[in-house]
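Chemist: what would the 3D arrangement of this be:
(one chain, ligands or ions: 1)
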Amino acid sequence: MSDDLTLQELVQYLAAERGPDLRGYKHTSLERRIRKRMGEVNAGSFRDYLDQIRANPAENVRLLNTILINVTDFFRDPQAWQALRDEALPGIVSSIHPGDTLRFWSVGCASGEEPYSLAILISEYLGPALLDYNLKIYATDIDEEALAVARRGEYSIEKLRRVPPQMREKYFIGRGPLVRVSRDIRRLTIFGRSNIVSDAPISHCNVVVCRNVLIYFDSSTQNQVLSRIHYALEPRGVLLLGKAESKLANSSVFRPLNTRWRIFQKSSPGNGEDIGELRPRSRVQAGAELVQHEMESLQLYQRYILESVKSGLMAMDGNDIVLNHNDAFVQVWGIKGNRLVGKRLQNTELVYRCPELLARLDNSRDNQGQPLHFQCNLKTDGDERLLSIVIRPVMSENNDRIGTIIHTEDITDHERLQGTVDQLEATSEELQSANEELETTNEELQSTNEELETTNEELQSTNEELATTNEELQSLNEELENMNEELEHRTQELHQLTQRYAETLRSMPWPVTLVDDDEKIQLWNAAAQRLFGVGETSVVGVGIDHLPVKLEVRNALIRRYRSVLQKAKPSVLPRQAIGASNYPGDFDVHFTPVFRNNRQVEGVLVMFGPRSQVTVPVSKPKRVAAKKTARKTAAKSAKKTPRKGKK
Ligand SMILES: C[S@@+](CC[C@H](N)C(=O)[O-])C[C@H]1O[C@@H](n2cnc3c(N)ncnc32)[C@H](O)[C@@H]1O
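Modeler: Numbers count the residues shown, from 1 in each chain. Predicted structure coming up:
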């Protein structure tokens, strides 16, 4: 048995192993194209090539790219479009009412020129009435890369060569080299990946355009596809085929509207000759078709659900080969024009963008079917993004892992917002605590203020007291000043008096000296100076014991002085021979005590009087006693001598 495979076996293996399903494609052209690719990768046989594909799943995508031919153009075959407009649209539009839905489907839309041409055609045809209808143009293709271009709606100006200038103006934005379809046109079109051979068709279509697609398929697959299109069309719906596609020329389920430009109208099935799939079927066949139809519907739902969610979703099989993903997924990961479907995860750009992805995927295998969540800083060419990634294992009923779904969300803005919210919260808390501190400080200030007010009041009252005291002091001062003046006046008077006394003593004709209680001579008048021949300056301050007199006289004088001082009574020391050279006679020396405050004796005034001139002073009591004695004596003598008259 040969080691090699037939083309058919290769195609079967590819379909079974989730490679491209090429089963309905024409063998001749398929073999030509597969061999072309085999030559490019140096595969000597189909087995060899299958091994290469198994070793490198990315080859699946390259093979498909080799087989699919995306040639297309705006208003390709303009006359066909003209015929569609003039011969098909009037009937379709006349059969619907304002508010109704118009559904068009471009099968094998490639990079979008065909569905956009359709949108422009119907917009032109309806004019402002377009707004009266709910127009939807579905556009499907098996080729993701072509669909990505279609969705962008951006074309080089050369691509518009068949678009009349007024339509370019109206339905395209920009002047080149790149122009873009207008928003209104883009809004009318809905793109999706769908295999016309195996996926569920779009239903209730008024027009299906399927040009240059059937040519890929063998006759039975063409019938199958036409059967699906028939199913997709509304009664009296219109089908436009490519100019080389003459399959329906003799069909009884499609009525030709324009044979040259391959425009057909759906007619009721069963009214004559059937095509392919529309032949009478067995009950088993019918059941299988129903299941198939449900499956296809489910797939369609799945696809639309995928396209509706904003998060990126990607499904992988048990061998980590990408089965499917939505548009959001490639947008979130920042991957442009890069096919993921059919590639093993480790061979995709995802791993370069998030190096930990593979390790996380491995970790998820130990996670007992639980989703694994992590965040990844995305390495992109320009900006930085933060992705939230969930690896969710797909488990069979037997709890076997049969695949994986990777859910991705761009949380950059959310995180930034969260950061801002956190900052705002922190600032708010700081403000609150600052506010509380301010309130506390304010309360403290208020109490300090109250204390200050109290202190101020106290100070004010103290101030008032001080002012009163000041006034009192001022008046006291004035009184003192008055007293002082009076005192000065008195002192002056006293001084004058003292001087007068001293002068009087000095100028007395008799020698006078004042001896203080310390026996020191304090005064020495001119007469004393003359008598004793000694000047005032030599005597004042000197002791009485230095008086220039004879010793026995001096002692007598001292004794008498001390006696007078003690007794505080005047006394006379008579007949004292002073022995002065210029006055040889005796003196009677008079001692008179001098009182301080009339109580204490502070000195003794000593006066030397010449005997002849000195009258011995007799005290008043003695005089009274003498008079009494005289009177008693006179009375005694009168008793002794009786009076003559009475006898
Ligand atoms: C030559 S192009 C035609 C484009 C356009 N309809 C036109 O006539 O200008 C054929 C397109 O059919 C697509 N195609 C091939 N096989 C397909 C399939 N099984 N399901 C859907 N599209 C398919 C290809 O990817 C390609 O984009």
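Chemist: pLDDT wise, what is residue 293 at?
Modeler: For residue 293, the pLDDT comes out at 58.
Chemist: so residue 348 makes contact with residue 325?
Modeler: No - assessed by C-beta atoms under 8 Å, residue 348 is found out of contact with residue 325, at 10.3 Å. Glycine gets a C-beta too; all of them are placed from N, C-alpha and C.
Chemist: overlap of the contact sets of the two?
Modeler: Both residue 348 and residue 325 are in contact with residue 340, where contact means C-beta atoms under 8 Å, 6 or more residues apart in numbering.
Chemist: which helices and strands does the helix or strand hosting residue 227 pack with?
Modeler: Using DSSP states H and E, residue 227 sits within helix 219-232. Applying 3 or more C-beta pairs under 8 Å, 6 or more residues apart in numbering; DSSP states H and E, one finds that helix 219-232 contacts strand 101-107, strand 205-210.
Chemist: those strands: which one's closest to residue 159?
Modeler: Closest approach to residue 159 among the helices and strands packed on helix 219-232 (C-beta to C-beta): strand 101-107, 16.4 Å.
Chemist: is any residue of the helix holding residue 227 near the ligand?
Modeler: No - using C-beta under 6 Å from any ligand atom, helix 219-232 never reaches the ligand; the gap is at least 8.1 Å.
Chemist: in that helix, which residues are buried?
Modeler: Of the residues in helix 219-232, 221, 222, 223, 224, 225, 226, 227, 228, 229, 230, 231, 232 count as buried by neighbour count, 16 or more other C-beta atoms under 10 Å.
Chemist: got these as TSV, with pLDDT columns?
Modeler: Formatted as TSV, these follow (pLDDT from 0 to 100):
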residue	pLDDT
221	91
222	91
223	90
224	91
225	93
226	92
227	91
228	93
229	95
230	94
231	93
232	94
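Chemist: report the two of these separated the most.
Modeler: 221 and 232 (16.2 Å).
Chemist: and the helix holding residue 227 with strand 101-107, angle?
Modeler: Per axes from the mean of the first three to the mean of the last three C-alpha atoms, to 10 degrees, the angle that helix 219-232 makes with strand 101-107 is 170 degrees.
Chemist: can you list the strands that the helix or strand following helix 219-232 pairs with?
Modeler: With elements assigned by DSSP H and E, the helix or strand that comes after helix 219-232 is strand 233-241. Sheet pairing of strand 233-241 (DSSP bridges) gives strand 205-210 (parallel), strand 263-266 (antiparallel).
Chemist: return the most buried member of these.
Modeler: strand 205-210 (a mean of 25; mean count of other C-beta atoms under 10 Å).
Chemist: with only the CA atoms kept, save it in PDB.
Modeler: What follows is strand 205-210, C-alpha atoms only, in PDB (Å, rounded to 0.1, in the frame of the first residue of the first chain):
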ATOM      1  CA  CYS A 205     -33.800  38.100   1.700                       C
ATOM      2  CA  ASN A 206     -35.300  40.200  -1.000                       C
ATOM      3  CA  VAL A 207     -32.100  40.100  -3.100                       C
ATOM      4  CA  VAL A 208     -29.100  37.700  -3.000                       C
ATOM      5  CA  VAL A 209     -26.000  38.600  -4.900                       C
ATOM      6  CA  CYS A 210     -23.700  35.600  -5.300                       C
END
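Chemist: that one near the ligand at all?
Modeler: No - Strand 205-210 stays clear of the ligand (C-beta under 6 Å from any ligand atom), getting no nearer than 7.1 Å.
Chemist: pLDDT averaged over that strand - what is it?
Modeler: The pLDDT scores in strand 205-210 average 97.
Chemist: and what of stretch 28-48?
Modeler: Rounded mean pLDDT across stretch 28-48 is 93.
Chemist: 2 is where my numbering starts, stick with that
Modeler: With 2 as the first residue, the last one maps to stretch 29-49.
Chemist: what are the buried residues along it?
Modeler: Those would be 31, 32, 34, 35, 38, 39, 44, 47, 48, 49, for stretch 29-49 by 16+ other C-beta under 10 Å.
Chemist: next one: phi and psi at the third one?
Modeler: What it means is residue 34. Backbone geometry at residue 34, expressed as degrees, to the nearest 10, gives phi -80, psi -40.
Chemist: my guess is it meets residue 68, correct?
Modeler: Yes - between residue 34 and residue 68 there is a contact under C-beta under 8 Å: 4.9 Å.
Chemist: strands of the stretch 352-501 of the chain, start to end?
Modeler: Taking DSSP state E, counting those that start in this stretch as the test, the strands found in the stretch 352-501 of the chain are 373-379, 386-396, 402-411.
Chemist: what residues does the chain put near the ligand?
Modeler: 69-73, 77, 109, 111, 115, 142-144, 147, 196-198, 212-214, 217, 243.
Chemist: which among those residues end up buried?
Modeler: Buried among the residues of the chain next to the ligand (16+ other C-beta under 10 Å): 69, 71, 73, 77, 109, 111, 115, 142-144, 147, 197-198, 212-214, 217, 243.
Chemist: among those, which are in strands?
Modeler: Residues from these lying in strands, with DSSP state E as the criterion: residue 142.
Chemist: what's stretch 234-242 in contact with?
Modeler: Contact partners of stretch 234-242, identified using C-beta under 8 Å, 6+ apart, comprise 81, 85, 89, 92-93, 96, 104, 205-212, 215, 230, 248-249, 255, 258, 262-267, 269.
Chemist: can you give me the distance of residue 214 to residue 26?
Modeler: Residue 214 sits 11 Å away from residue 26, going by C-beta to C-beta, to the nearest Å.
Chemist: elements contacting the one helix or strand residue 604 maps to?
Modeler: In this structure, residue 604 sits in strand 601-611 according to DSSP H and E. With contacts taken as 3+ C-beta pairs under 8 Å, 6+ apart, strand 601-611 sits against strand 513-517, helix 552-568, strand 587-597.
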